[in-house]
Every structure is written in structure tokens, then in C-alpha cells.
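Colleague: Build the 3D model from these lines:
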Amino acid sequence: MSSLDQGKIEAVKEALKELKAGLPLEDVKRRLMATISPDEIPLIEQQLIKEGAALDDLLKLCDLHLALSKDRLAERKLEEVPEGHPLKLLVEENKLILKLNETLSLYLKTLASEGVKEELTAKTLEVAEKLYAALRLHYRKVQMLLFPYLERLGIYAVPRVLWGREHEAIVKLRKLR
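Modeller: Residues are numbered from 1 along each chain as shown. Next up is the predicted model:
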């Protein structure tokens, strides 16, 4: 790594410290955007793994990476990808998971404000079960279709972070069961 790259790694480490200290993600993002492009984050993640970074740090870095990339990702379309292509199917599954998550969140907020009601509780659990099943299936596909190829290329940060995210999501959903 060149000294410039090392400087970027140090900037990311500093950003992680700021996030741990409770600074708002948007503030950290704004400062970091001046020196690092979203495309450099996966390379920095790889280096941090080599240095023994904790999974919690990688998950925070993933949040930061998403914040840095969000606008650019929103503009991208998968028009060149044919219908039925596994990538397009994974994106569609991801959209379904986001909708189920929003629905579950609304039910939980309603339960919190109106108290436990049998019908509302049943619907909440039904949505939680659907979300749990969709997440498990989606993550298994990603792990089987993408991770082996990434790991063969020496890319370990992305699978490691995504496994961490899966674990977090599954643990939260199990609490509802």
C-alpha cells in the first residue's frame, strides 16, 4: 500500500472511532467523502481484515459504505440484466425483504402504541415469519452464488460483513418468535 492508501486507511479507522463515540453517521460521512470514494471502501475493508479488525467495526464500516454509496446506487438500474438472471432475482428478493421489514416495523410500532391485541399480534408474527423465511432463503442464495467466487478472488470482507448482517437480522427475528 502506498502512503496515500495508508492515509485513507487511517482516515477510515478514525471514522470508525468517531462512530463508536456516537457521532452521527451523516457527519462522519460528510467528512470522509472529501478524501475517500465509495469504491475504495471494499479495498480498505480487506486491509482492515488483514489487520485483525473486529466484526463490529466491519459492520459499522458497512453502514458508512452504504451511506457513502446510497445516492449513486439509487441511480443505477439493472436494465442490461435479462429477466430471470440470478442477479435480478436477488435484487427483487431484496426489495421484498425491505417491504416486509417496513411492514413488520409498522406492526411493531402499532403494538407499542396501542398495546397487545390478539389479532394485531397474530399479524405481526405472521409478517415476522415471512420475513424470517425470506431472509434465510435470500442469504443462502447469496452465500452459495456469490461468496465462493468472491473468496476465490481473495475478497473476504464482503462475505464476512454480510454473514454478520445475516446473524444480526436472524437474532432479532428469533426474538419475535
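
Colleague: what residues are up against A67?
Modeller: Residues near A67 by CB atoms under 8 Å, 6 or more residues apart in numbering: 25-26, 29. The C-beta positions use only the backbone N, C-alpha and C, and glycine is treated the same way.

Colleague: Show me where this protein has its helices.
Modeller: 3-20, 25-33, 41-50, 55-75, 86-114, 118-145, 147-152, 157-176 (DSSP state H).

Colleague: ok and the third one relative to helix 55-75, angle-wise?
Modeller: Looking back up the chat, that one is helix 41-50. Using axes from the mean of the first three to the mean of the last three CA atoms, to 10 degrees, the inter-axis angle of helix 41-50 relative to helix 55-75 is 170 degrees.

Colleague: ok, back up a step: which of the helices of the chain sits most buried?
Modeller: helix 41-50 (a mean of 18; mean count of other CB atoms under 10 Å).

Colleague: Restricting the selection to alpha carbons, write that one to PDB.
Modeller: Only the C-alpha atoms of helix 41-50 are listed here, as PDB (Å, rounded to 0.1, in the frame of the first residue of the first chain):
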ATOM      1  CA  ILE A  41     -14.100   1.100   0.900                       C
ATOM      2  CA  PRO A  42     -14.000  -2.600  -0.100                       C
ATOM      3  CA  LEU A  43     -10.200  -2.400  -0.500                       C
ATOM      4  CA  ILE A  44      -9.900  -0.700   2.900                       C
ATOM      5  CA  GLU A  45     -12.200  -3.400   4.400                       C
ATOM      6  CA  GLN A  46      -9.900  -6.100   3.100                       C
ATOM      7  CA  GLN A  47      -6.900  -4.300   4.600                       C
ATOM      8  CA  LEU A  48      -8.700  -4.000   8.000                       C
ATOM      9  CA  ILE A  49      -9.500  -7.700   8.000                       C
ATOM     10  CA  LYS A  50      -5.800  -8.500   7.400                       C
END
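
Colleague: Let me know the angle separating it from helix 157-176.
Modeller: 80 degrees.

Colleague: other SSEs contacting helix 41-50?
Modeller: When contacts are defined as 3 or more CB pairs under 8 Å, 6 or more residues apart in numbering; DSSP states H and E, helix 41-50 packs onto helix 3-20, helix 55-75, helix 157-176.
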